[in-house]
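Engineer: here is my input; please provide its structure:
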Amino acid sequence: MSSLLKISDLHVSVADTPILRGVNMEIRQGEIHALMGPNGSGKSTLAYALAGHPHYAVTDGSIEVDGVNVTELAPDDRARMGLFLAFQYPVVIPGVKVADFIRHAISNVRNPDRKEGEGLIPMREYRKEIRARMDELNMDPEFARRYLNDGFSGGEKKRMEILQMAMLRPKFAVLDETDSGLDSDAVRVVSEGLAKLSGPDMGVLIITHHERLLEFNPPQYTHVMLGGRIVETGDAELAHDLHANGYAAIRERHPDAAADNTIAEEAATV
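Structural biologist: From the prediction side, this is the model:
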């Protein structure tokens with residue numbers, strides 16, 4: 001039986017300002033979902049709430065993985081439950097090599113009871129595994145010897161996250177505007193890498209303004225967020241329509257949500 005990520009009536013506030021106003025969504029392993037919407041609609045807020053960011057307070061509703069409520073769990077515990085978030089702006093850690101970072105990350109996920117400095121995945125096993133994943137993603141082995149995102153181009157930072165995903169093998173991956181700021185070649189590389197990893201063992205939520213990332217990863221479900229709620233759900237054709245025509249028709253069909261979205265956009269500029 002496939003795993004299920006269930007978001008029920010989720011309300012989230014940031015600095016006491018309500019952002020999400022009752023989000024409902026179910027994602028099963030093997031499914032690709034797209035989440036689209038204008039600025040200020042709450043897309044990234046949903047991503048950070050799923051990851052357990054401390055600045056995003058869940059005021060009502062729940063997030064469940066296979067029936068287990070993870071709403072109060074710390075981010076590392078959520079990772080062990082199978083949740084992975086690819087950030088819009090990945091963190092830079094000078095002095096920490098990519099290979100060392102990923103080795104500790106997968107050791108923490110696979111061996112949650114390990115003590116600091118102990119219980120790391122054996123080096124020989126780890127080297128074999130990371131080389132296999134990098135070969136699969138057509139990545140130069142030298143990439144693993146560099147410091148984490150230090151001096152990386154936008155495309156390299158995104159490929160780094162794809163490599164993390166390949167090694168962590170999450171049940172559910174959330175990509176928060178991972179195509180933001182990338183040129184066409186970089187988007188193609190990231191899209192192809194994601195397409196190689198997605199399959200029956202991983203559910204994917206792609207948060208995007210654009211359609212480029214969806215070319216190699218066509219969604220079975222496309223959700224439209226406006227004013228902190230999901231207002232419409234369709235298939236890949238809905239994503240094509242939004243890309244071609246924008247959100248004017250969506251705003252007309254959902255004036256209450258559009259009003260809330262305008263308030264959120266104005267608050268974000270203050």
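Engineer: so what's residue 5 up against?
Structural biologist: Taking Cβ atoms under 8 Å, 6 or more residues apart in numbering, we find residue 5 in contact with 26, 27, 28, 63, 64, 65, 83, 171, 172, 203. Heads up, the C-betas are built off the backbone N, CA and C, glycines and all.
Engineer: how about a cut-off of 7 Å?
Structural biologist: 27, 65, 172, 203 (Cβ atoms under 7 Å, 6 or more residues apart in numbering).
Engineer: would you reformat these as TSV and include distance to residue 101 and neighbour count?
Structural biologist: Supplementary listing: the contacts of residue 5 in TSV, determined by distance: Cβ to Cβ, whole Å; neighbours: other Cβ atoms under 10 Å:
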residue	distance to residue 101	neighbour count
27	27	21
65	24	19
172	21	24
203	25	24
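Engineer: in strands, which of those residues appear?
Structural biologist: Within the contacts of residue 5, membership in strands is found for 27, 65, 172, 203, as judged by DSSP state E.
Engineer: of the residues you listed, which is the nearest to residue 239?
Structural biologist: The closest of the ones in strands among the contacts of residue 5 to residue 239 turns out to be residue 27 (Cβ to Cβ; 15.9 Å).
Engineer: closest to residue 128 out of the contacts of residue 5?
Structural biologist: Sorting these by how near they are to residue 128, with Cβ to Cβ, puts residue 172 at the top with 26.2 Å.
Engineer: that closest one reaches residue 81, doesn't it?
Structural biologist: No: under the criterion of Cβ atoms under 7 Å, residue 172 lies out of contact with residue 81, with a separation of 9.0 Å.
Engineer: any weak-confidence spans in the stretch 1-150 of the chain?
Structural biologist: For the stretch 1-150 of the chain, the stretches flagged by pLDDT under 70 are 88, 114-118.
Engineer: how about the helices of it, start to end?
Structural biologist: Across the stretch 1-150 of the chain, reading from the start of the chain, the helices by DSSP state H, counting those that start in this stretch fall at 43-51, 75-80, 98-110, 123-136.
Engineer: would you format the ones you listed as TSV with mean neighbour count included?
Structural biologist: Written out in TSV, the entries for those read as follows (neighbours: other Cβ atoms under 10 Å):
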stretch	mean neighbour count
helix 43-51	23
helix 75-80	16
helix 98-110	18
helix 123-136	14
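Engineer: and of those helices, who's closest to residue 147?
Structural biologist: The stretch from those with the least distance to residue 147 (Cβ to Cβ) is helix 98-110; that distance is 7.5 Å.
Engineer: who are the contact partners of residue 152?
Structural biologist: Neighbours of residue 152 in contact, by Cβ under 7 Å, 6+ apart: residue 160.
Engineer: am I right that residue 178 is in contact with residue 84?
Structural biologist: No: using Cβ under 7 Å, residue 178 is not in contact with residue 84; the gap is 11.8 Å.
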